[in-house]
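Peer 1: okay, sequence plus prediction incoming.
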Amino acid sequence: MNGIPISHHPLPVRISSATADLETISPLLSEAQAAVGDVPALLELAKSAAAAAPKPGDGRTAFLWEILASVTAVDVAAGRVLEPQLDAVAILAQAGDDAAQHGRDCPDPDDADFEGTWGVFAAEAPGLRLEAKESSDGWILQGSKPWCSLAAQLDHAVLTAHLEAGGRAAFAVDLHADGVGFANPEWTSRGLREIPSGTVHFEAVPAVPLGGAGWYYQRPGFAWGGMGVAACWLGGAVAVARSFADSLRHAADGGREPDQIALAHLGEIDRTLAALTAYLAGTAARIDAGELSDRGAWKEALRVRGSVATAVERVQTLVSQNLGPAPLAFDERYGKRMADLALYIRQHHAMRDDAQLGALALAESTHGDFHP
């Protein structure tokens with residue numbers, strides 16, 4: 001088998017929304033399909049989608065995650081472009097709410113200075129450090145930030161920087177400002193090839209503070225955003241599963257019925273994805289009900305991300321074992337999806353994240369509150 005049938009009408013990924021609501025995503029999915037591989041077009045699409053998409057915690061979190069999952073099911077890289085744009089818009093709104101609650105000034109995210117495309121850069125790396133210092137003229141960024149995906153093609157970023165007094169804080173920065181420099185990404189990845197990540201250097205670059213020290217990581221939106229990334233991973237797994245089912249149907253049409261192993265693996269994939277979507281539906285409802293608006297949100301995010309990442313790897317393994325090397329070698333769309341998704345889920349830190357979850361669970365059990 002050298003190819004897998006292509007669906008000409010991209011389908012949404014349902015978590016809990018009604019069919020009528022999911023149909024409203026169809027134009028976005030068609031545009032994403034037409035823009036595959038065209039990063040400037042995907043960035044424009046992400047910008048327009050973010051203007052209309054709901055924000056997490058506003059009552060339609062499941063629909064937000066369906067948008068992310070559905071676009072990623074069309075193309076993993078397209079979802080990878082969309083997710084930080086939606087996340088940045090949510091972060092700016094959350095920062096505004098926090099400032100209003102504490103009587104602080106905060107820039108209006110709808111202001112013209114904030115228009116354009118956004119990235120979210122919070123990673124750290126050995127030997128690189130970005131610092132923020134307050135001066136009489138405001139906050140200044142100095143240093144280098146690693147893992148800045150598509151930075152040279154973006155207008156703005158929400159990023160984290162170290163403070164002189166200790167800790168880290170979030171800032172909004174204009175990536176076109178004087179003093180911003182982009183290192184040439186030494187990007188050799190076979191997955192997400194069109195989305196290189198590299199280091200950005202800042203030399204006395206003005207920045208706008210978002211919240212205070214620690215706010216970025218302590219807000220429930222940090223956990224909600226992390227679960228939004230997991231929704232993207234889910235969408236990639238759904239696309240892999242759909243391609244597997246299409247392949248089995250195509251083979252059956254040609255007179256080769258699937259054997260019991262293939263059917264058993266498809267059945268396992270089906271129940272795995274059904275369980276995940278039900279879990280995400282319940283979690284989204286809890287977010288909208290205000291049940292995950294405290295420190296418990298991050299524990300739930302670790303559960304969600306770990307569950308989805310494990311399932312994605314399992315789905316990829318089962319499908320790859322069943323279809324063999326041919327589609328990896330000769331089917332561009334399938335091979336791209338598998339490579340893109342394998343890299344994307346490495347944002348989950350595997351056993352390190354499980355160890356963090358275990359520590360939180362142990363702390364709860366010490367107080368008699370362990371809920372497996």
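Peer 2: Yep, it's here.
Peer 1: lowest confidence element among the helices and strands of the protein?
Peer 2: Counting by mean pLDDT, DSSP states H and E, the weakest-scoring helix or strand in the chain turns out to be helix 351-366, with a mean of 90.
Peer 1: tell me which strands and helices that helix is in contact with?
Peer 2: Other elements packing on helix 351-366 under the criterion 3 or more CB pairs under 8 Å, 6 or more residues apart in numbering; DSSP states H and E are helix 296-323. C-beta: built from backbone N, CA, C; applies to glycine.
Peer 1: which other helices and strands contact the helix it packs on?
Peer 2: With contacts taken as 3+ CB pairs under 8 Å, 6+ apart, helix 296-323 sits against helix 220-253, helix 260-288, helix 332-344, helix 351-366.
Peer 1: and the last one, what's buried?
Peer 2: Residues of helix 351-366 classed as buried under the neighbour-count rule (16 or more other CB atoms under 10 Å) are 353, 357, 360, 361.
Peer 1: which residue ranges of the stretch 1-150 of the chain form strands?
Peer 2: Secondary structure of the stretch 1-150 of the chain, counting by DSSP state E, counting those that start in this stretch: strands at 118-121, 130-135, 138-149.
Peer 1: which strands or helices does the shortest one pack on?
Peer 2: Okay, so that is strand 118-121. Strand 118-121 packs on helix 76-101, strand 138-149, strand 156-163, going by 3+ CB pairs under 8 Å, 6+ apart.
Peer 1: and the residue nearest to residue 164 when sequence neighbours are not counted, how far is that from residue 212?
Peer 2: Of all residues not flanking residue 164 in the chain, residue 133 sits nearest, at 6.0 Å (CB to CB, 6 or more residues apart in numbering). As judged by CB to CB, to the nearest Å, residue 133 and residue 212 stand 15 Å apart.
Peer 1: ok, the two, which is more surrounded?
Peer 2: A count of neighbours by other CB atoms under 10 Å puts residue 212 above the other of residue 133 and residue 212, at 16 against 13.
Peer 1: I figured that one was touching residue 169, is that so?
Peer 2: Yes: counting by CB atoms under 8 Å, residue 212 touches residue 169, with 6.3 Å between them.
Peer 1: deepest-packed of the strands of the stretch 1-150 of the chain, please.
Peer 2: Comparing the strands of the stretch 1-150 of the chain by mean neighbour count (mean count of other CB atoms under 10 Å), strand 118-121 ranks first with a mean of 24.
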